[in-house]
Every structure is written in structure tokens, then in C-alpha cells.
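Student: predicted structure and sequence below. I'll ask about it afterward.
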Amino acid sequence: MAENFDLADLTQRVQEHVAALARTPRTPGSKEHRQAAEYIRHHFELAGLGVQEMPFDEGGFVGTNLLARPLPNPADLPLLIVGAHYDSVPGTPGADDNASAVAALLELARWIQLRLVSSGTGFCQLELVAYDLEEYGFVGSFVHSHEVQRSGTNVRGMLSLEMLGYTDHRPHSQHLPPHLAKLYPNVGNFIGVCGNEASRRLLQAVTQAMKTVPGLPVESLAVPGKGEVLPEIRLSDHSSFWDRDYPALMITDTSFLRNPHYHQPSDTPQTLDYAFLAKVTAGVCEAVGSILQSERL
């Protein structure tokens, strides 16, 4: 339950992760990019997860996804995938985009291994993925989703963590497309859970679980098809899974619809709300734990 989280400790831990990852830009091929991958791998292994590096060359785009699974990992169960990209665009340290989400992913790794010791594996396999080259056309998740499809894996769902740590508590700080403006708050202090109609059961399960975290406002949105009517909702790695007809969600602080530092040099660790990020991280843990313990959605 949400009350079992030490939010003060979690706040400090996610802040430390962001500080380590977002000192400089993490552009593909750079030393900082390689250091970020090593940092992620180290913390996955520190949490007791088995880690597999998956290098790829897709149309000349060369990168490496990091896949991690709890040990021991159950076989012949549906797979729940939780991912966050670790690359950044040139010129920005990418604190919110996407060190904030990687921080949550690393704390999920730590939490889930402790939870499995006390509660068992449940009804799903779990795979945590640090995706590469999201900023260059979701290349890492395109490759991964293709491999998942090729292997015939039964996928329970995919959760993409995309920019989780920025808030603005002023009225009208939250911008939205005109047809959504009156349906959601105009204050940028909530976390969004975004899915499509085919993912509605997953959307409901995740939203309900995240709402158990005290003081975390949660808003949800389901769009038709594969998000074609609202291009903004496709802008993360979940869209690679939508395109292969898997249920998938994006969990987000709404990116450039709220955060003025998006893809700017000013997207620094000092701009984030770490108490909020800790609550979002706790909410992600609650959602994953709930899905693992559900025989079906």
C-alpha cells in the first residue's frame, strides 16, 4: 500500500539519480551517453535484477537498450513491460526529459525485487527497459517491440515513463489542446496517464492504483485508434507498442504542454519538483504491483 513508502527517502533517492544522469547532455555516442547506460545497468544489478544489453543498428541508427528482469523470473506468464528512455537531444541535460523517468524506473527496480521476496511473482512476468534513441524516432522501442512480436510473447501491457518531475502550481500553467482544455485542470500539478481505447482496461488499472498515493493528483485520457487524432499523445515509446496492437500507456507530466524547459539547455535538475517525482514513482510502483497480482485486467 502507498503508506508503506518512505516518501522522504524516495525523494532524496530520485533527486540523486537525476543529479547523476543530468549533469550534461546524453547524446548518442558520447561519453555521457555511455556513462548513463553504465549507471542504469549498475543500479539494475544493485537491485538484484538480471540485465541484458541489446545493441541494435536500425537503418543506421545505432544504440543499446538495457533489459532487466527480476530474479528468479517466472516463465510462461504474460509480460508487463515498463520502460523509460535514457538518451537526450543535443544541448540539453534532459533532467525532466528523461532523467526523471529513469530515476523512477531505477526505484521501481529496487522496490519490485524487495516486494517479490515478500509477495511472490504473481500472475505476470516483469521486464524493465531503458530505451535508447527515443529522441530520434522511438528507435529503441521500435526494435524492442518488434522482437517482442517476433517471439510471440503474450503481453499484458506496456507502460512508458516520459517526463515525470515538473510541476507549476500557478493558474493556467497547464496548456492543453483546445478540445481538451475544459476537461482537465489548468494548473500543472498532476500526473497524466494516457492510453488508447484498446488499452482502456490497463488505463483504468494504472490510474486507480496511482490514485492511492496521498497527495498525488492523477488525470487520465483515452484516445481512439493509435492516437492519430492527437499527435502529442504519441510522443513516447508506448506508440511503438500501439503500432503493433499491444495495450500500452504513457505516464507523463505532459511535457511541453507544461514544462517550458523542454529540449532546452535549461532542463536542469534544479527545475524539478522532487517531492512530486517521488509520489509519481510510488504511484508507478503501486500500479505495477497491482497488475502483477491481478489474474486479469
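Tutor: Thanks, I have it.

Student: C-alpha only now, for contacts and for neighbours.
Tutor: OK.

Student: least trustworthy helix or strand in the chain by mean pLDDT?
Tutor: In the chain, the helix or strand scored least confidently by mean pLDDT, DSSP states H and E is helix 100-119, which has a mean of 87.

Student: partner strands of whichever helix or strand comes after that helix, with direction?
Tutor: For helix 100-119, the following helix or strand on the C-terminal side (DSSP states H and E) is strand 125-131. In the sheet, strand 125-131 lines up against strand 61-70 (antiparallel), strand 79-85 (parallel) (DSSP bridges).

Student: mean confidence for the last one?
Tutor: When the per-residue pLDDT values of strand 79-85 are averaged, the result is 97.

Student: just the CA atoms of it, as CSV, please.
Tutor: C-alpha atoms of strand 79-85 as CSV (Å, rounded to 0.1, in the frame of the first residue of the first chain):
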residue,chain,number,x,y,z
LEU,A,79,4.6,-9.9,-19.8
LEU,A,80,4.3,-6.5,-18.3
ILE,A,81,6.9,-4.0,-19.7
VAL,A,82,7.9,-0.8,-18.1
GLY,A,83,10.3,1.5,-20.0
ALA,A,84,11.9,4.9,-20.0
HIS,A,85,14.3,6.3,-22.5
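
Student: got the contact list for it?
Tutor: Residues from elsewhere that reach strand 79-85, judged by CA atoms under 8 Å, 6 or more residues apart in numbering: 98, 101-102, 105, 124-134, 153-162, 237, 292.

Student: from those, list just the buried residues.
Tutor: By neighbour count, with 16 or more other CA atoms under 10 Å, the contacts of strand 79-85 hold 98, 101-102, 105, 124-134, 154-162, 237, 292 as buried.

Student: looks to me like Leu161 is in a strand.
Tutor: Yes. If the criterion is DSSP: H, G, I helix; E, B strand; the rest coil, then Leu161 is within a strand.

Student: now do the contacts for it.
Tutor: Val82, Gly83, Ala84, His85, Ala101, Val102, Leu105, Met250, Ile251, Thr252.

Student: do Asn189 as well
Tutor: By CA under 8 Å, 6+ apart, the residues touching Asn189 are Thr167, Asp168, His169, Pro217.

Student: what's the most buried one of the strands paired with strand 125-131?
Tutor: Mean neighbour counts were taken over these using mean count of other CA atoms under 10 Å, and the top value, a mean of 25, falls to strand 79-85.

Student: what's the spacing between that strand and its chain's center?
Tutor: Counting by CA atoms, centre = their mean, to the nearest Å, strand 79-85 is centred 7 Å from the centre of its parent chain.

Student: what's the angle from it to helix 100-119?
Tutor: Angle, strand 79-85 to helix 100-119, by axes from the mean of the first three to the mean of the last three CA atoms, to 10 degrees: 150 degrees.

Student: ok, the spatially most central residue of the chain to Ser30 distance?
Tutor: Nearest residue to the geometric centre of the chain (CA atoms, centre = their mean): Leu161, 1.4 Å. Distance of Leu161 to Ser30, computed by CA to CA, to the nearest Å: 23 Å.
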